[in-house]
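1. Model the structure of this input:
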Amino acid sequence: MLSLVLLSCLLVAGNAFARSTDRDQPLEVYGSGLDGPISQNGDTLLTDVVITQGSLRIEARRATVSRDDGEVTRVVLEGAPASLQQENDDGVLMKAQAGRIHYDTTSETVVLSGAVRIDQGRDTFRGERVRYDTRNGRITGDGGDGGRIHLTIQPKSRAAAD
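-> Predicted structure coming up:
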């Protein structure tokens with residue numbers, strides 16, 4: 001049960017950001033506690049969680065995994081901040097952190113909220129809320145309550161451009 005539950009946490013990173021061989025690696029889960037029903041329904045709470053699989057690393061103060069008829073329907077990671085990082089197939093590291101990372105398996109969307117910071121390679125995004133639709137690779141973001149987003153996109157190095 002636990003490995004099925006935690007495998008869905010891996011989807012948080014999204015396929016576009018993931019190293020294709022990571023899913024073939026052992027899934028390692030560390031935590032200070034686990035509390036949840038033995039049945040196929042309900043919420044399972046994990047505390048002080050560290051999850052690794054290949055290049056993927058997720059850290060959260062708490063992870064809540066919701067199941068309905070044995071299927072994972074939602075994963076919520078919370079922390080100060082919750083974070084994840086993963087390399088893509090080109091070796092570019094993506095790091096993300098937010099107060100809350102919410103993955104809905106039904107809509108296949110990931111929502112990061114609360115002081116969101118995403119670094120991928122040399123590029124950065126800062127904002128209050130980001131929504132990533134893993135089905136079509138579409139990302140939306142906002143600064144929240146009149147705030148603004150901040151993107152930094154670095155130019156290609158001259159050697160790479162030639």
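2. Give me the spatial nearest neighbour of G54, chain neighbours excluded.
-> D22 (3.2 Å; C-beta to C-beta, 6 or more residues apart in numbering). The way it works is simple: take the backbone N, C-alpha and C, and place the C-beta from them, glycine included.
3. which secondary structure elements does the lengthiest strand in the chain contact?
-> Ranked by number of residues, the top strand in the chain under DSSP state E is strand 71-87. On a contact count with 3 or more C-beta pairs under 8 Å, 6 or more residues apart in numbering; DSSP states H and E, strand 71-87 meets helix 2-10, strand 56-68, strand 93-104, strand 109-120.
4. Tell me if I'm right that E78 and A98 touch.
-> No. Between E78 and A98 there is no contact under C-beta atoms under 8 Å: 9.3 Å.
5. if we can go back for a sec, you'd agree the residue nearest to G54 is up against Q53?
-> Yes. At 5.5 Å, D22 counts as touching Q53 under the criterion of C-beta under 8 Å.
6. out of E78 and A98, which sits in the busier spot?
-> Between E78 and A98, counted using other C-beta atoms under 10 Å, A98 has the larger neighbour count: 26 against 18.
7. got the contact list for the more buried one?
-> 81-82, 112-117, 130 (C-beta atoms under 8 Å, 6 or more residues apart in numbering).
8. R19 falls within a strand, correct?
-> No. The assignment for R19, made by DSSP: H, G, I helix; E, B strand; the rest coil, is coil rather than a strand.
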